[in-house]
Structures are given as C-alpha cells and as structure tokens.
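Asker: prediction below, plus the sequence it came from.
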Amino acid sequence: MVTLPVIACHECDLLQRKIALPPQGRARCRRCRAILYRDYPPGPDRALACTIAALVLFLIANAYPIVGLEVQGNRETASLYDAVHTLWVEGREDVALLVGFTAMLTPAIEISLLIYLLLPLKFNRVTEGTVPILRFLQTVRPWSMTEVFLLGILVALVKLEHLARVEAGIALWAFGSLIPLLIIASMSFDPEELWAKVTG
Amino acid sequence: MGESDRLTRMAFTRTAGRLGLLSCHLCNSLTESAPGAYEGRCSRCGSHLRFRKPDSITRTWALLIAGYLLFIPANLLPIMHTNSLFGAQSDTILSGVVYLWTSGSWHLAVIVFIASILVPSAKLVTLTFLVVSVQRRSTWDPLQRTNMYRILESVGRWSMLDIFVVAMLVALVHLQTLATIRAGAGAVAFGAVVVVTMLAAMAFDPRLIWDPRWTRHE
Ligand SMILES: [Zn+2]
C-alpha cells in the first residue's frame, strides 16, 4: 500500500498536501488551524530517555508520601495510595476509583506502554501488538491527569496551612518533575516511525 | 466572519468525506470507502473508520442532559465534611471557594472557582450551543465554533481539581486528634459531572461544524 502525501484534517476533514517541515516545525490546517502533523527529532532516543526517567519518578511519586502534616507533635503523612485507600474504606468507593484511575492507573499504563513500544524501536524492532497498543494509548490519554492532581495537592496544602504545619514530601517533587518529562516525551515520539515499521 | 468565509470558499478545497475517503485518526492515512458504505476499515492499520463519529449529536445530547442533571447535586450537596474541635462543618464547592477567598488565598480561590464552577458550567453551555448550531446546519463562523470546541475539550480535565483536593485532605486529616475530614456525596456527583462532560465533548464531532458549508457552496 502506498501512503498518499495527503492528509485529512481531524477537526474539519479538509484534505491537504503534506510537505516537508523545518526542524521542530508544525503544520496547521489552512482552514481551521488545527495541528495536522509536526516534525520530530529522528529516532526514539529522546522520547525513550524521558519516558524511562518518568517511570522512575512515577515510582518514587507513588512510593513516598506527598505531604506531611504536623499537629501537636503528631506527624501524619499521606501518599497517593493513602488517599485512594482512605476514600475507599470510608465508603466513597466511586471517588476512590475515579482518583485511582486518573492519577495512578492511567499514568502508569501510559508510561509503561510507551516504554514497551519505544524500547524495541530503539533496536529497530516492532513489538507484538503495536497497533492495538497505540489505539489503546489514544483512548486512555485524556484520562491521565497528573498535572491536575499536582495542582490539587497544592490547593490542599494551602487549605491545611491554618490547621497545622505542612511540609512537602519527596513525592511532591517527583510529581512536579514527572509532568514536563511526560510532555517532552510525547513531543519527541513520532508515531509515524512506528507506522512505517508496522506496515513495512 | 470575513476571514473564515474567504478560507472556506477557496476553490480548490475538498474534504475527505466528500471525496469518499475515510480518514484514520490513529495513523493519519486515507482509505477509499466502498460505494455507498458509511464505514470501513483503515487500509494501513485496520482501525474501524466512519465518515463522522457515530450518532454524534444524539450521544452528545444524552451526555449533556446527564451533565446538566448531575450539575445540580454537584453544587448543592456538600463535597466534604469536617469534624474538628470547633464543631462539625459541611462544605459545598462554592463554600470552599468562599472559604479560600476569606482566608486570604484569593489567588487559589480564583483558580478553584474557574476549575470547579466556571469551566463545567461554561462547558455545558458551549457544547449545547455547538450541538444546536450543528443541528440547525448553521454556517455561522465555523472557525470560531471550532475554537470554542478546542478550548472546552482542553480545559475539561482541570475540573477534576476539587476531587483531588478532597482526596488529599481526606487522606491527611484522617483520624487526627484535631479534626477529621470525609468526602461528601457532592464529590460523587461532581466527579460524575466531570466524566460525563468529558465524554460529551469526545462524542461531539467538530467536523460536523464544517459540513453544512459544502452543501451550501456546491
Ligand atoms: Zn482543519
């Protein structure tokens, strides 16, 4: 099958010819200004490095407390898991599931599947199930809300300031650095590279 | 209106749909559809393709109505109960914003107000406007309407903010000597509003905004 050098805008369906872009360039739809395609750095190296670093930070972010609270000499800490767990045991299973899904499960799936795709690509191979995985990633991506969660932590911290002394935990910094890494990773990963390999 | 009008009248413009090409949103390739068929399979990646999202308008309407209905309990029911030495207190989303404002964190009050009240309500209203305009095959400034859709699609996720705030507060102020915080029923309704409005935005097909243009200029 020959790929036509033509692309249809995802947002207005207008057909447009594909042209070569300058480095880091982006092509926009001439009618609705949607981004049609962009230029990526060659090879999966940068995306892979960022995703692996993101995985490490994600593990730290989940294993360590996000914030500590000191009330009358008692020290209480909370991790993301504690938040989900407490909501669950207190009978708010639905809210617990929503938080667990958007802040914990979806980012975990996103990061690990990206590594699963990128690592073989580095050695010029395509993994089994690449197409369904890409499809699944596209579905799951809008529900991954690490950056919203980080803002939520900050608001909670301010709300507690009057009640007790609050201090930021390691996980807070891990969450904070995770976000730019994930953005860089997604901006340096060219799905076309995979498509070219999948379709031979 | 002038600019977008000029753009849509460009003589050489063609949409994939009009030429019988199905465009794949996963791999970006185009597939010729069988004559008379409304759907097909991507010749490159095998994805199931349709010219437009299936039943876009009906599904968006259903989710929008659910969103409007849930929006009421989400704002009226408390999202959080606090038990402290100073007594018991229940907070709705709005009273949480007021609290932040009066306690001097006006910048956070503004952020929470935008994320939890402004964004969900503006999203419901804007999406309703878009669906109605598409149903009436309106040709009013499609570029403007596409921009509205883009904004509502990208800001929707930020409404989850209050759910995360409650989750962190509950985990931290849990069985403390000083106070206990529990999530209220409003949090469930509010979380449902966020999910339902995100699904509604996903069900809507922005290409429908541009479609009436073609039938008019044919
Ligand atoms: Zn377009």
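Answerer: Okay, I see it.
Asker: so what strands line up beside the helix or strand where B:G40 lies?
Answerer: Counting by DSSP states H and E, the element that carries B:G40 is strand B:39-41. Strand pairing for strand B:39-41, determined by DSSP bridges: strand B:48-50 (antiparallel).
Asker: list the buried residues in the strand it pairs with.
Answerer: For strand B:48-50, burial by neighbour count (16 or more other C-beta atoms under 10 Å in any protein chain shown) applies to B:L49. Where you see a C-beta, it was placed from the backbone N, CA and C, and this is true even at glycine.
Asker: what's the mean pLDDT across it?
Answerer: Rounded to a whole number, the mean pLDDT of strand B:48-50 is 84.
Asker: give me the contacts around it.
Answerer: Residues outside strand B:48-50 that contact it (C-beta atoms under 8 Å, 6 or more residues apart in numbering or on different chains) are B:22-24, B:31, B:38-42.
Asker: any idea how far that strand is from the middle of the chain?
Answerer: Computed by C-alpha atoms, centre = their mean, to the nearest Å, the chain-centroid distance of strand B:48-50 equals 23 Å.
Asker: for stretch A:35-46, same thing?
Answerer: Distance of stretch A:35-46 from its chain centroid, counting by C-alpha atoms, centre = their mean, is 17 Å.
Asker: what does stretch A:23-30 give?
Answerer: Stretch A:23-30 sits 23 Å away from the centroid of its parent chain (C-alpha atoms, centre = their mean).
Asker: put the alpha carbons of that stretch into PDB.
Answerer: Only the C-alpha atoms of stretch A:23-30 are listed here, as PDB (Å, rounded to 0.1, in the frame of the first residue of the first chain):
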ATOM      1  CA  PRO A  23      13.100  21.100  12.300                       C
ATOM      2  CA  GLN A  24      10.600  21.300  15.200                       C
ATOM      3  CA  GLY A  25       8.000  22.700  12.800                       C
ATOM      4  CA  ARG A  26       4.300  22.200  12.900                       C
ATOM      5  CA  ALA A  27       1.800  22.100  10.000                       C
ATOM      6  CA  ARG A  28      -1.500  23.600  10.700                       C
ATOM      7  CA  CYS A  29      -4.800  23.200   8.800                       C
ATOM      8  CA  ARG A  30      -5.200  26.100   6.500                       C
END
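Asker: buried sites along it?
Answerer: Applying 16+ other C-beta under 10 Å to stretch A:23-30 flags A:27, A:29 as buried.
Asker: what bits of chain B have low per-residue confidence?
Answerer: Along chain B, segments meeting pLDDT under 70 span B:1-13, B:175-178, B:213-218.
Asker: buried sites along stretch B:53-61?
Answerer: B:53, B:56-57, B:59-61.
Asker: same check on stretch A:131-143?
Answerer: A:131, A:133-135, A:137, A:140, A:142-143.
Asker: ok, which of those also contact chain B?
Answerer: A:131, A:134-135, A:142-143 (C-beta under 8 Å from any C-beta of the partner chain).
Asker: columns distance to the ion on top of these, output as CSV?
Answerer: Formatted as CSV, these follow (distance: C-beta to the ion, whole Å):
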residue, distance to the ion
A:V131, 25
A:L134, 22
A:R135, 22
A:P142, 20
A:W143, 25
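Asker: same list (those residues) but as TSV, adding pLDDT and secondary structure.
Answerer: Putting these into TSV (pLDDT from 0 to 100; DSSP: H, G, I helix; E, B strand; the rest coil) gives the following:
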residue	pLDDT	secondary structure
A:V131	87	helix
A:L134	89	helix
A:R135	89	helix
A:P142	91	helix
A:W143	94	helix
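Asker: among these, list the two that are farthest apart in space.
Answerer: Greatest spacing in these, by C-beta to C-beta: A:V131 and A:W143 (20.5 Å).
Asker: what's the lengthiest helix in chain B packed up against?
Answerer: Looking across chain B with DSSP state H, the single longest helix is helix B:56-76. If you count contacts as 3 or more C-beta pairs under 8 Å, 6 or more residues apart in numbering or on different chains; DSSP states H and E, helix B:56-76 packs onto helix B:93-102, helix B:119-135, helix B:185-203.
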